[in-house]
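Visitor: need coordinates for the following:
(2 chains)
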Amino acid sequence: MNKRSPFATFMLYATASLWAFVCLFPLYWLVTTSFKPPLAVSRVPTYFPYLAAQERPTPVVNNIFFTPTLDHWNFLFDEQRDITLRHLRNSVIAAVFSTIGATVIGAMAGYGLSRFRYYWNRMNWKNDNIAYWIISQRFLPPATIIVPFVMIYGALGWTDTHWGLILAYTSFNIPFAVWIMRDFFNSLPIDLEESARVDGATRWQTFFRIVLPLATPGLVTVALFSFVFSWNEYLFSLMLTSFDAITMPVYIAGQNNTRGVEWWYIAALTMVMIAPVMFIGLFLQRYIARGLVAGALKG
Amino acid sequence: MATSSEIRPLSSAEDDSLKRELREDTIFKRIFLSPAVTILLLLSIFPLLWSLGVSFTNFQRNAAQQAAQAAGTAEPSGFLGLGFDLTLENYQRVFTDEHLHTTMRNTLLYVVVGVAVQYSLGLGLAALLNQKFFGQTFFRLVFILPMMITPVAAAYLGRMMFERAPPSALSHLTTTVGRLFGNPNLNIPWFTDPGLAPFTMVIIDSWQWIPFMILLLLAGMQSIPEEIYEAARVDGANSWNAFWGITFPILLPISLTAILIRGLELFKLVDIVRVTTGGGPGIATEPLVMYVFRTALDFGNFGYAAAISYILLILVVLFSTIFLGFSRRVQKQQLGVES
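Guide: Numbers count the residues shown, from 1 in each chain, chains lettered A, B, ... in the order given. Presented below is the predicted three-dimensional model:
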């Protein structure tokens, strides 16, 4: 069955290991940097933690080893606690509420598009046209609508508010949510709903008691994706916030030009930022490919 | 009465309930769809049209006015860009603005080179993961790891890898190699050379998004039935021939989709550039999106920023149209060959 030559097997593992190294090394560097004393970052590259630090404290820096320290983490969550937590909170607020909004609205529209017949006679649009119109919004470059956003938010006083960001993020996530939920409802058999209706349940009761519980896997998928998209968003947070509502990506990107680049803090902050999305990503592994092409593939 | 009830299939009570239900459904279905449509109209279509309008005005705002606006103390003149002169100036400027042309070239370079690099490496690595070998699951997980982190984080990782200022492992390697070849000061200017810096951006973006290609292409490869390969093997095809003769053509539709999506995403690239080079050296790495927000925020020229953003939109639409036309033709050819 397996007719691979030893050489081919060797090449296979060599290539796989090489690429795995390319993928992992930057992350390793990130994690270790957050534990390195500043000198071990800025003078020479150091690779491995020297764990028996207490026994041999003298060489803080040599070419290979560094003495790990928790100073930077302490700084971020002790001295700078309020600042760090404020930005983290901003990110959580923006991501969580926009996720809720997009999931609820997306589930409703998805259900509607899957179960009812719509017809807009002005354009001769039916369900599919409406669905394509909605998903096409996802491919609109956000930069095209950023200028009016800045102007309108400025005029309404929504700049730098949580509400503003939540609203913007919700609107980004809706096309995706609608599309996934429509797919999901299309794959749900209609029989259960019909029998519930025959038994005398109203439309609302059917939706809340029968349909939504059945749709939980779809809802969870949509919610997690929306959360990740909102969490990672950069451009709108950059343009629409200035102090109070700044989210983690913009905060960390701004570390660039204050007090020089303090890599050890950036590394720790970055780890805090990517931890939740990475966790979700591993959880979502199977759905990622499908989620990212939502709307571009039929079915 | 009896006859008429035969003609009319529903009793009046049933008819009422049906009517009620239909009416309820009409209301119901509108309630369900309208929030999504309303939000999209208000926050997507309306800004899009507004942006078009602003792009024909000389709407400008200096830093002081902007700060006043942010603080809510601005005098109410020129609400929302109304009361400004209509002008074609912004679009005339588009043709002569060297800065814009450079950023357009950068964006196109990111799209074309980025897509090419990501697709070819993604295809190779997906083919690798499609083999049966011990540790396959582990490698699969590791390969898609970069995709799961925030783009800003990927940009910082890129800086940590390529920058010389805090000495990185890569610069360590470069100097070591340089010393071996008698040039102890060997240094690759990843971020500071105007010719090389855009490609460094592509490398960083590719590091993060090759996993996307891997995932899609691998899913496609795994859906190809084994029998096709068996048949080809019987006919004497080696695995190289089988890959280009079977796998690649079957993957073509999904490949085109993946390329389209990555291309559209690359048009939006901005965070990596902002974190690593800030557009520099000079404007050698500045993408179109960054020029839009710099024109708006730094220079306060909202009219021109809107015009540039429309140039971006035109590029995106052109790209998708050409690409979709191209992929339709390729697929048609494919079908012609197969049948």
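Visitor: for the stretch 101-250 of chain A, give me the ranges with low pLDDT.
Guide: Applying pLDDT under 70 to the stretch 101-250 of chain A flags no residue at all.
Visitor: next: chain B.
Guide: For chain B, applying pLDDT under 70 flags the ranges B:1-24, B:61-84, B:335-339.
Visitor: taking it, what residue is nearest to chain A?
Guide: Nearest to chain A, among the residues of chain B, is residue B:148, at 3.0 Å (CB to the nearest CB). Backbone N, C-alpha and C define where each C-beta goes, glycine included.
Visitor: who are the packing partners of the helix or strand residue A:14 falls within?
Guide: Assigning secondary structure by DSSP states H and E places residue A:14 in helix A:6-33. Applying 3 or more CB pairs under 8 Å, 6 or more residues apart in numbering or on different chains; DSSP states H and E, we find helix A:6-33 packed against helix A:263-292, helix B:98-129, helix B:136-144, helix B:151-162, helix B:197-222.
Visitor: out of the ones you listed, which comes closest to residue B:181?
Guide: Checking these against residue B:181 by CB to CB gives helix B:151-162 as the closest, at 20.5 Å.
Visitor: the following helix or strand past the closest one packs against which elements?
Guide: Next along the chain after helix B:151-162, taking DSSP H and E as the criterion, comes helix B:169-180. Other elements packing on helix B:169-180 under the criterion 3+ CB pairs under 8 Å, 6+ apart are helix B:151-162.
Visitor: quick one: the helix it packs on to helix A:6-33, angle?
Guide: 100 degrees (axes from the mean of the first three to the mean of the last three CA atoms, to 10 degrees).
Visitor: helix B:151-162 near chain A anywhere?
Guide: Yes. Counting by CB under 8 Å from any CB of the partner chain, contacts between helix B:151-162 and chain A involve B:151-153, B:155-158, B:160-161.
Visitor: show me the contacts for the closest residue to residue B:313 other than its chain neighbours.
Guide: Leaving aside its chain neighbours, residue B:313 sits nearest to residue A:144 (4.6 Å; criterion: CB to CB, 6 or more residues apart in numbering or on different chains). Neighbouring residues of residue A:144 by CB atoms under 8 Å, 6 or more residues apart in numbering or on different chains: B:48, B:51, B:309-310, B:312-313.
Visitor: out of those, which comes closest to residue A:149?
Guide: residue B:51 (9.1 Å).
Visitor: any idea whether that closest one is helix, strand or coil?
Guide: helix (DSSP: H, G, I helix; E, B strand; the rest coil).
Visitor: CA atoms only: put the host helix or strand of residue A:150 into PDB for me.
Guide: Under the criterion of DSSP H and E, residue A:150 resides in helix A:143-156. Written as PDB, here are the backbone C-alpha positions of helix A:143-156 (Å, rounded to 0.1, in the frame of the first residue of the first chain):
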ATOM      1  CA  ALA A 143     -11.700  51.900   3.700                       C
ATOM      2  CA  THR A 144     -14.400  53.000   1.200                       C
ATOM      3  CA  ILE A 145     -16.900  53.800   3.900                       C
ATOM      4  CA  ILE A 146     -14.500  55.000   6.600                       C
ATOM      5  CA  VAL A 147     -14.600  58.700   5.600                       C
ATOM      6  CA  PRO A 148     -18.400  59.000   6.100                       C
ATOM      7  CA  PHE A 149     -18.100  57.000   9.300                       C
ATOM      8  CA  VAL A 150     -15.600  59.500  10.700                       C
ATOM      9  CA  MET A 151     -17.700  62.500   9.700                       C
ATOM     10  CA  ILE A 152     -21.000  61.100  10.900                       C
ATOM     11  CA  TYR A 153     -19.700  59.800  14.100                       C
ATOM     12  CA  GLY A 154     -17.900  63.100  14.700                       C
ATOM     13  CA  ALA A 155     -21.100  65.100  14.100                       C
ATOM     14  CA  LEU A 156     -23.200  62.800  16.300                       C
END
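Visitor: quick check: closest non-adjacent residue to the residue in chain A positioned nearest to chain B.
Guide: Evaluated by CB to the nearest CB, chain A has residue A:281 as its residue closest to chain B, separated by 3.0 Å. Leaving aside its sequence neighbours, residue A:281 sits nearest to residue B:148 (CB to CB, 6+ apart; 3.0 Å).
Visitor: what are the buried residues along the helix holding residue A:150?
Guide: For helix A:143-156, burial by neighbour count (16 or more other CB atoms under 10 Å in any protein chain shown) applies to A:143-155.
Visitor: relative orientation of whatever helix or strand comes next after it and helix A:143-156 in degrees?
Guide: Using DSSP H and E, the next helix or strand after helix A:143-156 towards the C-terminus is helix A:162-187. Helix A:162-187 runs at 130 degrees relative to helix A:143-156, counting by the same axes, to 10 degrees.
Visitor: buried sites along the longest helix along chain A?
Guide: Identified as the longest helix of chain A according to DSSP state H is helix A:81-115. Buried residues in helix A:81-115, counted by 16+ other CB under 10 Å: A:84, A:86-88, A:90-99, A:101-115.
Visitor: also stretch B:209-217?
Guide: Going by neighbour count (16+ other CB under 10 Å), the buried part of stretch B:209-217 is B:209-217.
Visitor: can you report how many residues lie near the residue of chain B closest to chain A?
Guide: 22 (other CB atoms under 10 Å in any protein chain shown).
Visitor: equivalent analysis for residue A:274, please.
Guide: Around residue A:274 there are 24 other residues, counting by other CB under 10 Å.
Visitor: wait, doesn't it sit right on residue B:149?
Guide: Yes. Applying CB atoms under 8 Å, one finds residue A:274 in contact with residue B:149, separated by 4.4 Å.
Visitor: the domain parsing of chain A - what is it?
Guide: Chain A breaks down into these domains under automatic domain parsing: A:1-28, A:34-69, A:75-292.
Visitor: Three-state assignment for residue 189, please.
Guide: No chain in the question, so chain A it is. Quick answer, by three-state DSSP: residue A:189 is coil.
Visitor: actually, chain B is the one I wanted.
Guide: Once three-state DSSP is applied, residue B:189 turns out coil.
Visitor: near chain B, anything from the longest helix of chain A?
Guide: Yes. Residues of helix A:81-115 contacting chain B under CB under 8 Å from any CB: A:105-106, A:108-109, A:111-113, A:115.
Visitor: tilt between that helix and helix A:263-292?
Guide: Using the same axes, to 10 degrees: helix A:81-115 against helix A:263-292 is 0 degrees.
Visitor: what is helix A:81-115 packed up against?
Guide: By 3+ CB pairs under 8 Å, 6+ apart, helix A:81-115 packs against helix A:127-136, helix A:162-187, helix A:216-232, helix A:248-254, helix A:263-292, helix B:12-40.
Visitor: tell me which of those helices lies nearest to residue B:125.
Guide: Closest among the helices and strands packed on helix A:81-115, once you apply CB to CB, is helix A:263-292, at 14.1 Å.
Visitor: picking that back up, make CSV out of the helices and strands packed on helix A:6-33 and add distance to residue B:272.
Guide: Listed next are these as CSV, based on distance: least, CB to CB, whole Å:
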stretch, distance to residue B:272
helix A:263-292, 14
helix B:98-129, 9
helix B:136-144, 19
helix B:151-162, 4
helix B:197-222, 5
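Visitor: and the following helix or strand past the helix holding residue A:14, what does it pack onto?
Guide: Downstream of helix A:6-33, the next assigned helix or strand under DSSP H and E is helix A:38-42. Using 3+ CB pairs under 8 Å, 6+ apart, the elements in contact with helix A:38-42 are helix A:263-292.
Visitor: could you give the mean pLDDT of the helix it packs on?
Guide: Taken as a whole, helix A:263-292 has a mean pLDDT of 83.
Visitor: and the angle from that helix to helix B:197-222?
Guide: Using the same axes, to 10 degrees: helix A:263-292 against helix B:197-222 is 40 degrees.
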